[in-house]
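Undergrad: 3D model of this:
(one chain, ligands or ions: 1)
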Amino acid sequence: MRLTPGPPRDVDLATVDLFDLDLYTDGDPHPIWDVMRAQAPLHHQVLPDGREFWSVTRYEDVRRVLSDHREFTSERGTVPTHLGTDDPAAGVLMTSTDPPRHTEVRRPLGSKLTARAVQSWEEKIRGTVVRFLQPAVDGQVFDLAEKALLLPALVTGPLLGIPEKDWEELVQLTAMVTAPSDPHFQIGSEAATLAISHHELLNYVRDWVKNHRVAGEEDESLLHHLMSVRPGGEPLSDEEIALDGYSILLGANVTTPHTVSGTVEALIERPVQWDKAASDLSLVPNLVEEGLRWTSAACNFMRYAAKDVEIGGGTIPAGGAVVAWIGSGNRDESMFPDPHTFDITRAGAKRHGAFGFGTHFCIGAPLARMTLRIFFEELLTRFESLEFAGEAQHLRSYFIAGMTHLPITGKKRQTP
Ligand code: HEM
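TA: All right, here's what the predicted structure looks like:
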């Protein structure tokens, strides 16, 4: 999807298809969302196969849908690729539960992923980022979007306790779960891709837990931590641990790379912003927040109305599916003045909803923020400038906004 929108255009809201994959591959959804926020903040669409969903596009409505579980439940699934089918993980996976069960499932993980807890991994992550960037420093054409797919695995793999030999396969499987229509990842049909990848991923984590239980090995990894915690006095079952591991793999793998690529693209297009950040690295944390807002890698999440709910000037009937378009909310002019301008000094950039809101607020946000901060610190320190070395290609997905290719070259900074 284009992150810098083209000129405003006429949009027929009666016929607009928000699940049109071309819109996100070669198209430009921002002018459509701009019109929706202004004229139809609650929008209803029926797909050709009869499935229907409501959309909210304003920041405040996106926040309400994602954070109020009494009105909008997560228990029937939260990913729009599952619209109208039973999400196999619904009601069990952390992402697909409401409080109080959600609180119980999330608590044991949360303590290991706070900003303070992840701080101890900073130097390890920095080493990983430096090695990751080395081929680009050596002057090779570097396909950032393709390479960055592996970046979260390099960071979270060791934290989870997953051996390096398995990372590539897991990255492929997580990409299949979230972008089952993209030709890079599709096997047969969209439904087959989803079914295969979900099954394989879950089996992988289940086997990991079983084998470690049998071997009785101890280490510092997150999965081992989960094997030892006892929320409410009872240990987690192997199935619960497997589902937590699955959530983390998915959450980490499919988002951070696209924030990296989209933010780098924005900086190459705007050398003044690049120079500003390079001459004052204390701006990097705000650059990261603006990059998160700008890219909105998790383009949306879904909920189901638990009762009739009035929102955006209309009513979503009980049981209706509602898609909260984070990508649109993050460009809401009432919250972010001049929203289609990428500005690393933007005041209030951190109010973005890229990590969601409320009880399901991204549990990996501190780790993602730290990884992104380290990435941009190292990038700006090592390169005087970057250039495009080919066309960007966008992910064929209406759920994850991202890129599959972004070839770049870098001019190495001369050290004094
Ligand atoms: C730029 C990077 C990231 C973005 C944009 C992002 C985005 C999001 C969003 C929007 C949600 C809310 C989902 C909802 O409301 O239903 C979420 C939840 C979640 N994220 Fe992230 N995420 C990122 C990185 C990570 C990382 C690094 C991890 C793992 C370490 C992770 C793991 C999770 C998990 C497990 C949840 C579910 C939390 C819950 O249901 O309570 N994410 N993420």
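Undergrad: CA only for contacts and neighbour counts going forward, please
TA: OK.
Undergrad: residues contacting the most centrally placed residue in the chain?
TA: With distances taken as CA atoms, centre = their mean, Thr255 lies nearest the centre of the chain, 3.1 Å away. Residues in contact with Thr255 (CA atoms under 8 Å, 6 or more residues apart in numbering) are 297-298, 400.
Undergrad: Touching stretch 161-176 from outside, list them.
TA: Contacts of stretch 161-176 (CA under 8 Å, 6+ apart): 149-150, 153-154, 157-158, 185-186, 193-194, 197-198, 200-201, 219-224, 249-250, 253-254.
Undergrad: try 6 Å this time
TA: 153, 185, 197, 221, 250 (CA atoms under 6 Å, 6 or more residues apart in numbering).
Undergrad: and the stretch 151-300 of the chain, which residues reach the ligand?
TA: 247-248, 251-252, 255-256, 259, 297-298 (CA under 6 Å from any ligand atom).
Undergrad: let's go with 8 Å and repeat that
TA: 152, 156, 244, 247-259, 292, 296-300 (CA under 8 Å from any ligand atom).
Undergrad: just the stretch 1-150 of the chain next, same as before
TA: 66-67, 74, 78-79, 93-97, 102-103, 106, 113.
Undergrad: ok now stretch 290-304, how far from the chain's centre?
TA: Centre-to-centre, stretch 290-304 and its host chain are 7 Å apart (CA atoms, centre = their mean, to the nearest Å).
Undergrad: do the same with stretch 257-276
TA: 18 Å.
Undergrad: Any buried residues in that stretch, and which?
TA: 257-268, 273-274 (16 or more other CA atoms under 10 Å).
Undergrad: Write the ChimeraX selection for whichever of the residues of the stretch 151-300 of the chain next to the ligand are buried.
TA: Applying 16+ other CA under 10 Å to those, the buried members can be selected in ChimeraX as follows:
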select :152,156,244,248,249,250,251,252,253,254,255,256,257,258,259,292,296,297,298,299,300
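Undergrad: picking that back up, among the contacts of stretch 161-176, which two are most distant?
TA: Farthest-apart pair in these is Phe185 and Ser221; separation 28.9 Å (CA to CA).
Undergrad: Give me the more crowded residue out of the two.
TA: More crowded of Phe185 and Ser221, by other CA atoms under 10 Å: Phe185, with 21 against 16.
Undergrad: so who does the more buried one touch?
TA: Counting by CA under 6 Å, 6+ apart, Phe185 has contacts Met176.
Undergrad: Can you classify it as helix, strand or coil?
TA: Three-state call for Phe185 (DSSP: H, G, I helix; E, B strand; the rest coil): coil.
Undergrad: per-residue confidence for it?
TA: Listed pLDDT for Phe185 reads 83.
Undergrad: That one and Ser397: what is the separation?
TA: The spacing between Phe185 and Ser397, counted by CA to CA, to the nearest Å, is 11 Å.
Undergrad: List the buried residues in stretch 351-362.
TA: 352-357, 359-360, 362.
Undergrad: Can you narrow those residues down to the ones near the ligand?
TA: 353-357, 359-360, 362.
Undergrad: and those, which two are the farthest apart?
TA: Farthest-apart pair in those is Ala354 and Thr359; separation 14.3 Å (CA to CA).
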